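K.L.:
Curious how this folds, go ahead:
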Amino acid sequence: MDFEPGDKVELLDDELSGRVEKVNGDEVQIKTDEGFIMTFPKNELVKISDEIEDLSQEQIDLDEILKEKSVPKKPKSRPLRTKDKQQPPMEVDLHVNQLIKSSKGMSNHEILNLQLDTARHKLEFAIRKRIQRIVFIHGVGEGVLKMELEYLLGRYANVKFYDADYQKYGLGATEVYIFQNA
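P.N.:
A predicted model of the protein is given here:
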């Protein structure tokens, strides 16, 4: 790959990025985002688009995003019968290390999409197999996965979701109850 001064680059096996300062044969000198000058072989670098950086610099209006994703309130549902409460729920751990062997080289966006696709597939499976309760273990973190999971669940008319048992899962799990048609 040919690099030219000014190109935005990232190191393949590390979270290091910067701009090309000069190219000398098979070596590329970059100025990192932190301001350090470093030299790497060409085959350890990859050129990235400036458009990605421009997107991260844009001002994001969180209230606007939340308003876009808000789901209208559902009518109150019937209380859970004792029989339903006693059935153990299906558990799905959405931590990335439980889904794939290695997330090396994956962006946060790709990881989030993998987790949401897994949740959607497991929910569809539970609906098909008439499993009434499912617990998605998402962890606490910054709450991005939990918020996206709630948005996904809000699109299903036949489900109700709430925080899972605190004593068993802490704050990092959401329990879903699936209303089955007779």
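K.L.:
Spatially nearest residue to Asp26 (excluding sequence neighbours)?
P.N.:
Lys42 (5.2 Å; C-beta to C-beta, 6 or more residues apart in numbering). (Glycine included, C-beta is placed from N, CA and C.)
K.L.:
My guess is that neighbour contacts Gln29. True?
P.N.:
No. The pair Lys42 and Gln29 does not pass the contact test of C-beta atoms under 8 Å, sitting 11.2 Å apart.
K.L.:
Identify the contacts common to the two.
P.N.:
Listed as contacting both Lys42 and Gln29 by C-beta atoms under 8 Å, 6 or more residues apart in numbering are Val23.
K.L.:
Can you tell me the SS state at Ile109?
P.N.:
One thing to correct before we go on: residue 109 is His, not Ile. helix (DSSP: H, G, I helix; E, B strand; the rest coil).
K.L.:
Now do the buried residues in the longest strand belonging to the chain.
P.N.:
Ranked by residue count, the top strand of the chain under DSSP state E comes out as strand 17-24. By 16 or more other C-beta atoms under 10 Å, the buried positions in strand 17-24 come out as Ser17, Gly18, Val20, Val23.
K.L.:
strands paired with it, and their directions?
P.N.:
As defined by DSSP bridges, the strand partners of strand 17-24 come to strand 8-11 (antiparallel), strand 27-32 (antiparallel).
K.L.:
distance between the longest one and the chain's centre?
P.N.:
In this view, strand 27-32 has its centroid 31 Å away from the chain centroid, taken as C-alpha atoms, centre = their mean, to the nearest Å.
K.L.:
Could you do the first one as well?
P.N.:
The chain centroid and the centroid of strand 8-11 are separated by 23 Å, computed with C-alpha atoms, centre = their mean.
K.L.:
Could you do stretch 112-130 as well?
P.N.:
14 Å.
K.L.:
Check which residues of that stretch are buried.
P.N.:
For stretch 112-130, the neighbour count (16+ other C-beta under 10 Å) marks Leu112, Leu114, Gln115, Leu116, Thr118, Ala119, Lys122, Leu123, Ala126, Ile127 as buried.
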